[in-house]
Each structure stands twice: as C-alpha cells, then as structure tokens.
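Trainee: I'd like to go over a predicted model; first the sequence, then the structure.
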Amino acid sequence: MKTICALLLGLLALAPEQGHAQSWPSRPIQIIVSSGAGGAADIMARLVGEQLSTALGQPVVVENRPGAGGNTGAISVARANPDGYTLLMSGSPTHSVAPHLFKNLPYDPMRDAPPVAMIAAAPNLLVVNPSLPVKSVADLVKLAREKPGTITYSSAGIGTSGYLAGELLKNIATLDMTHVPYKSGPEAVTGVITGAISFLFFTLPSVLPQVEAGHLRALAIASAEGSALVPNVPTIAEAGYPGFDVIAWYALFAPKGTPEPVIARLNTEIEKIVARPDIRAQMAKLGAEPNTLVLFLSDNGASAEFLDSWPNPGQIGRAHV
C-alpha cells in the first residue's frame, strides 16, 4: 500500500508539468533579442523563429531589447514567467563574459536564464570607414601609433565579442585607442560608416552587406581560419598576431523553472531546424556556422555535463559541439 501511495503521489507531482507540456504552446511565443535589430543575434532569432512557428503551430514574435552589453534583454527574460512563452536569443556577452566582467550583475545568467539550445557561431570582421587611409591591419596599427589617442573603435557594449576583439588588438599591439560603446550593434556599425568612428570588429553576417556595398572596408577576419565569403581578407593571425581568434556564438535561453518537457521540445525542434540543409545553407551565406549542443536541465539549471562543454571566457566565444 505504501508503495502504491508513493507512486500515486509521484504521478500527481508530475501531472501539472505534463499537462503544461501537452497544452504548450497554446499562444504566441516571444523571443527577446539582447541586441539591436539587424545584428547577427537578431538575424538568427528571426531565422529560427520563423521555423519554430511552423513546427509549433504558434506565432513566434521577435522583440529587440538592447543595452548594457546585452544584459538589459537578458535580465528581462530571467525575471519573466517561466511558462515557455518568453525566450532569450543571446550568447557570449551575457552568458560567458558578463559574470566575469561586471561585479554587481543583478542576476546569474546560467542560473536565472539557463540555455535551451546552441544555434550558431560567427567570426568577427575588422572593418573601417573607406576614407580612413588604411588597407591592412599593419596600416591601422601604424596609424594608431602615429596618432595616439585619436583612433576610435565602436562596439555594441562592454562584454560583446566586438569589444573583446578591439581590446585584444589594443593590448597585443600596445596601442593607445579609445573605445566608444553604443546601445546596439547596428548603431556601432553606423558610427563607422558615417566616419564618426575609425573602426570596429563586428560579426560577419551583420557587416558583410555593408562591405559588399562599399560602405565599409574589411581589413581582416578575427578567426583562426579565413572565410569563403571574404576570400581575399586575411586573418588577423596572418597579419602578424598569431592566436587571434574571437568568435561570437548564439543560443536560445529560457527563465529558470521553465518546465523540462517544454525545454526538451524546444531543444528537439531547434536541433531539427539547424540540421536542415536549407537552414545550414542560409547560415553559411551569412558567414555563420550552425552549432548545436545537447543539454539536460534540472531545477538548478543546466547540468554539469552540459556546462563542461559550454563556451567560457577563455575561449572568447568559440563554441564546440
């Protein structure tokens, strides 16, 4: 009898979660993007969101909430109702870098907005305004040394991969340059296009159209290997700074406490989406590399097994399957 009672109690405890999973989703799902419209995270959110909408039979609405290096959007999701209807599209700035960069971060990213699925990774491209008299990394370094304190570089905020790449170049080349943070990536790119800013590192999917249109000049790609999309653009390592490899990655997150069956469904659907040849081809055209990880969640967030393979600041955003 005791055994039967224990089994009944266990089934009753699981009933609400199973019922939620069976009825989910019954209304539109919102994906909060922690960066501005037109950035790589935004592009990924809309690409994946469109496919999720078809798979789940409900609209998926994308909303941009940039600011504070991505933390504005991430915090709003961390504090959202964990019912599976509010998700976050973010990546290295909020979940790999922010915990180590900000002393008084009002939330724990991995605990309060744990991962649902890895989606893609993309290299950063070093671009300048075409009017700047430089055509290579060596030219840029030379100009910065000739005019200390006058060369500026923009980013979507402290902690973003573009910011880290700029700081890395500044440190390894021993340059006196000024960082100018913007609220969003597209605004940081516009700063360079207008000539208000000298250069920036930004993800390839976001700036490639501007390079192809002649609004920006690409000097180098900040990854270990070059990209077929910019075959004539060398890596920064080839330009004389070996080991320079700054990759941005993008993933979907959900508030802590989101029912595990919902997380599992999302993870399964995203894995299917990212595995599709047409989606992989679209990402490749954007300069992004599809990248998925299998994960398991518990009441305390992501499992240790998953976190062992999750990107960390030492990798500066590079994700591994």
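Mentor: Ah, there it is.
Trainee: can you give me the strands for the stretch 151-300 of the chain?
Mentor: Ranges of strands in the stretch 151-300 of the chain, per DSSP state E, counting those that start in this stretch, are 152-155, 178-181, 199-203, 217-221, 247-253, 289-290, 297-298.
Trainee: Could you identify which of the ones you listed is most buried?
Mentor: Highest mean neighbour count of the strands of the stretch 151-300 of the chain: strand 199-203, a mean of 30 (counted as mean count of other Cβ atoms under 10 Å). For every residue, glycine as well, the C-beta is placed using N, CA and C.
Trainee: got the residue ranges for the helices in the stretch 151-300 of the chain?
Mentor: Ranges of helices within the stretch 151-300 of the chain are 161-172, 185-193, 204-212, 260-275, 277-285, based on DSSP state H, counting those that start in this stretch.
Trainee: Just put those in TSV and tack on mean pLDDT and distance to residue 33.
Mentor: Formatted as TSV, the helices of the stretch 151-300 of the chain follow (pLDDT from 0 to 100; distance: least, Cβ to Cβ, whole Å):
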stretch	mean pLDDT	distance to residue 33
helix 161-172	93	15
helix 185-193	93	11
helix 204-212	88	13
helix 260-275	94	16
helix 277-285	89	17
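Trainee: Out of those helices, which gets nearest to residue 72?
Mentor: helix 185-193 (13.7 Å; Cβ to Cβ).
Trainee: Mind listing residues that contact that closest one?
Mentor: Contact with helix 185-193 is made by 35-40, 66, 127-129, 154-156, 160, 162, 180-182, 197-200, 202-203, 206-207, 210, 215-216, as judged by Cβ atoms under 8 Å, 6 or more residues apart in numbering.
Trainee: what do you get for stretch 228-244?
Mentor: Stretch 228-244 is contacted by residues 125-126, 136-138, 168-169, 172-173, 204, 208, 211, 218-227, 245, 285, 287 when judged by Cβ under 8 Å, 6+ apart.
Trainee: What subset of those residues is buried?
Mentor: By neighbour count, with 16 or more other Cβ atoms under 10 Å, those hold 125-126, 137, 168-169, 173, 204, 208, 211, 218-224, 226-227, 245, 287 as buried.
Trainee: what's the burial count for residue 82?
Mentor: 19 (other Cβ atoms under 10 Å).
Trainee: Check residue 240 too.
Mentor: As a burial measure, residue 240 scores 15 neighbours (other Cβ under 10 Å).
Trainee: follow-up on the earlier one: got a PyMOL select line for the buried ones in the contacts of helix 185-193?
Mentor: Burial among the contacts of helix 185-193 is assessed by 16+ other Cβ under 10 Å; the matching PyMOL selection reads:
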select buried, resi 35+36+37+38+39+40+66+127+128+129+154+155+156+160+162+180+181+182+197+198+199+200+202+203+206+207+210+215+216
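Trainee: circling back: can you tell me which of the helices of the stretch 151-300 of the chain comes nearest to residue 91?
Mentor: Nearest of the helices of the stretch 151-300 of the chain to residue 91, taken as Cβ to Cβ: helix 161-172 at 8.1 Å.
Trainee: all strands for the stretch 1-150 of the chain, in order.
Mentor: Taking DSSP E, counting those that start in this stretch as the test, the strands found in the stretch 1-150 of the chain are 29-33, 60-64, 86-91, 115-128.
Trainee: how far away is the residue nearest to residue 25 when sequence neighbours are not counted from residue 84?
Mentor: Nearest non-adjacent residue to residue 25, counting by Cβ to Cβ, 6 or more residues apart in numbering: residue 58, 4.4 Å away. Applying Cβ to Cβ, to the nearest Å, the value for residue 58 to residue 84 is 11 Å.
Trainee: quick one: which of the two has more around it?
Mentor: Legend: neighbour count by other Cβ under 10 Å for residue 58 and residue 84, higher for residue 84 (22 against 16).
Trainee: right, and that one touches residue 24 too?
Mentor: Yes - under the criterion of Cβ atoms under 8 Å, residue 84 makes contact with residue 24 at 5.1 Å.
Trainee: anything in contact with each of these two?
Mentor: Each of 259, 262 lies in contact with both residue 84 and residue 24 under the rule Cβ under 8 Å, 6+ apart.
Trainee: Please pull out the lowest mean pLDDT helix or strand from this protein.
Mentor: Least confident helix or strand of the chain, by mean pLDDT, DSSP states H and E, is strand 297-298 with a mean of 34.
Trainee: between the strands of the stretch 1-150 of the chain, which gets nearest to residue 278?
Mentor: Nearest to residue 278 among those is strand 115-128; the distance by Cβ to Cβ comes to 14.6 Å.
Trainee: now that closest one against strand 217-221, angle please.
Mentor: Computed by axes from the mean of the first three to the mean of the last three Cα atoms, to 10 degrees, the angle separating strand 115-128 from strand 217-221 equals 130 degrees.
Trainee: Tell me where this protein is predicted with low confidence.
Mentor: 1-22, 292-321 (pLDDT under 70).
Trainee: switch to 50 and redo it
Mentor: Within the chain, the segments meeting pLDDT under 50 span 1-15, 19, 293-321.
Trainee: and the strands of the stretch 1-150 of the chain as CSV, adding distance to residue 44?
Mentor: Shown next, in CSV, are the strands of the stretch 1-150 of the chain (distance: least, Cβ to Cβ, whole Å):
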stretch, distance to residue 44
strand 29-33, 9
strand 60-64, 10
strand 86-91, 6
strand 115-128, 6
